[in-house]
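Novice: quick check, what structure comes out for this input:
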Amino acid sequence: MTSTPQELAAAALARSVRQEVQLPSVRTVYWQYPASSPSRGQIIFIHGYRGNHHGLEAIIGALPDFDIIAPDLPGFGIADPFPGRHSVVAYSTWLTEFVAAVGSTDTVILAHSFGTIVTAAAAHKQLKNRLVLINPVSKFERKGREKVLQGLSDLFYAFGGMLPEPLANPMLKNRVMVRVMSEVLTKTKNRQLRAWIHKQHDENFSEFAERRVATEGYTASNSRSVSSYARGIQNDTLLIAAELDDITALADQQRVLRMFPHASLKVIRGVGHLVHYETPALAAQHARDFILENK
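Specialist: Just a heads-up that it's a prediction; the model follows:
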């Protein structure tokens, strides 16, 4: 019997162990998910903007044969913020430090959304690990619906950045705003799954340390894309794209694929930017196949 995304996430949570490590840039909190069978390898999961490690637990639950490590990005979840600006450079430097502290050159880095930008930047600079990029933010010029959504988001975060912090935080964490975002990005028609996805966003999408983390992180997420780094990434890479992604159109994913020296692309049909919630088992299978074929 196939497990639901909800069941996969619960299975991952049941095997998680909290840890922390002091890195040169910032203290980092992370969770270990030991393999429940002989391990096929180690994977480090990197979540997206405004999320935390819980957002990727359904995929983790579908990979019980791997030792998995999932940190909260600095400033998000329960992680300490950077003392300085939350930029792509700061996050990519942090990721390189984190991999050196808890992983090895054989560790695979699996990232989602904004995490794919951070990972691509680190790989472009010095990270040598194999990469799995899910819903990579590979945008070029935004058009149509993407452009409208981008404009509305820009206005929202610009206004949030101008308000005094006591007013800005409630606005940036507004449950109505979070629900609108969740409704737009969720593609499944399954009512139980939709309800669970909305609950996940309600519980995890507004956990950031302070206003500047949200506004600086938003600026970082729009300052670069995977396409900014692809040509210089020599790492073996798997891109897992979604047919209905509102953040990056499939045509842009196919275009960025041709920029990578060593990459392949898997497309998941009928889903958008929430592959990690809607089709985690399929994403996990693509990742497993890539990892085992490229050992």
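Novice: from here on, contacts and neighbour counts on C-alpha atoms
Specialist: Will do.
Novice: poorly predicted segments of the stretch 51-200 of the chain, please.
Specialist: Applying pLDDT under 70 to the stretch 51-200 of the chain flags the ranges 141-146, 148.
Novice: please enumerate the helices of it.
Specialist: Along the stretch 51-200 of the chain, counting by DSSP state H, counting those that start in this stretch, helices occupy 57-61, 88-102, 114-125, 144-162, 165-172, 175-185, 191-204.
Novice: among these, which is nearest Asp80?
Specialist: Closest to Asp80 of those, according to C-alpha to C-alpha: helix 88-102, at 12.2 Å.
Novice: would you mind writing the CA trace of that closest one as CSV?
Specialist: C-alpha atoms of helix 88-102 as CSV (Å, rounded to 0.1, in the frame of the first residue of the first chain):
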residue,chain,number,x,y,z
VAL,A,88,23.0,34.4,-1.1
VAL,A,89,26.7,34.8,-0.4
ALA,A,90,26.1,34.4,3.3
TYR,A,91,23.9,31.3,2.9
SER,A,92,26.2,29.7,0.4
THR,A,93,29.2,30.2,2.6
TRP,A,94,27.2,28.8,5.5
LEU,A,95,26.2,25.7,3.5
THR,A,96,29.9,25.0,2.6
GLU,A,97,30.8,25.3,6.3
PHE,A,98,27.9,23.0,7.2
VAL,A,99,28.8,20.3,4.7
ALA,A,100,32.4,20.4,5.9
ALA,A,101,31.3,20.0,9.5
VAL,A,102,28.7,17.2,9.2
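Novice: just the strands in this structure please.
Specialist: 17-22, 27-33, 42-46, 67-71, 108-112, 131-134, 237-242, 263-268 (DSSP state E).
Novice: tell me which of those strands sits nearest to Leu185.
Specialist: Closest to Leu185 of those, according to C-alpha to C-alpha: strand 237-242, at 11.5 Å.
Novice: mind listing residues that contact that closest one?
Specialist: Contact with strand 237-242 is made by 130-136, 250, 253, 257, 262-273, 275, 283, 286-287, 290, as judged by C-alpha atoms under 8 Å, 6 or more residues apart in numbering.
Novice: winner for burial among the strands of the chain?
Specialist: strand 131-134 (a mean of 27; mean count of other C-alpha atoms under 10 Å).
Novice: pairing partners for it, with directions?
Specialist: Next to strand 131-134 in the sheet, as set by DSSP bridges, lie strand 108-112 (parallel), strand 237-242 (parallel).
Novice: between those strands, which one is nearest to Gln42?
Specialist: strand 108-112 (6.4 Å).
Novice: and the direction of that closest one versus that of strand 42-46, what angle?
Specialist: 20 degrees (axes from the mean of the first three to the mean of the last three C-alpha atoms, to 10 degrees).
Novice: list the contacts of strand 108-112.
Specialist: For strand 108-112, contacts defined as C-alpha under 8 Å, 6+ apart pick out 42-48, 119, 129-136, 276, 291.
Novice: let's see that with 7 Å instead.
Specialist: Contact partners of strand 108-112, identified using C-alpha atoms under 7 Å, 6 or more residues apart in numbering, comprise 42-48, 119, 129-136.
Novice: tell me the one of the residues you listed nearest Pro170?
Specialist: Nearest to Pro170 among the contacts of strand 108-112, counting by C-alpha to C-alpha, is Gly48 at 21.0 Å.
Novice: who's the closest spatial neighbour of Thr93, skipping the chain neighbours?
Specialist: Once flanking residues are discounted, Thr93 sits nearest to Ala122: 6.7 Å by C-alpha to C-alpha, 6 or more residues apart in numbering.
Novice: coming back round to it: would you turn the helices of the stretch 51-200 of the chain into CSV with distance to Gln234?
Specialist: Below are those laid out as CSV (distance: least, C-alpha to C-alpha, whole Å):
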stretch, distance to Gln234
helix 57-61, 26
helix 88-102, 16
helix 114-125, 8
helix 144-162, 30
helix 165-172, 38
helix 175-185, 32
helix 191-204, 34
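Novice: contacting residues for Asn52?
Specialist: Neighbouring residues of Asn52 by C-alpha under 7 Å, 6+ apart: 72-73, 76-77, 204.
Novice: thanks a lot, see you next time.
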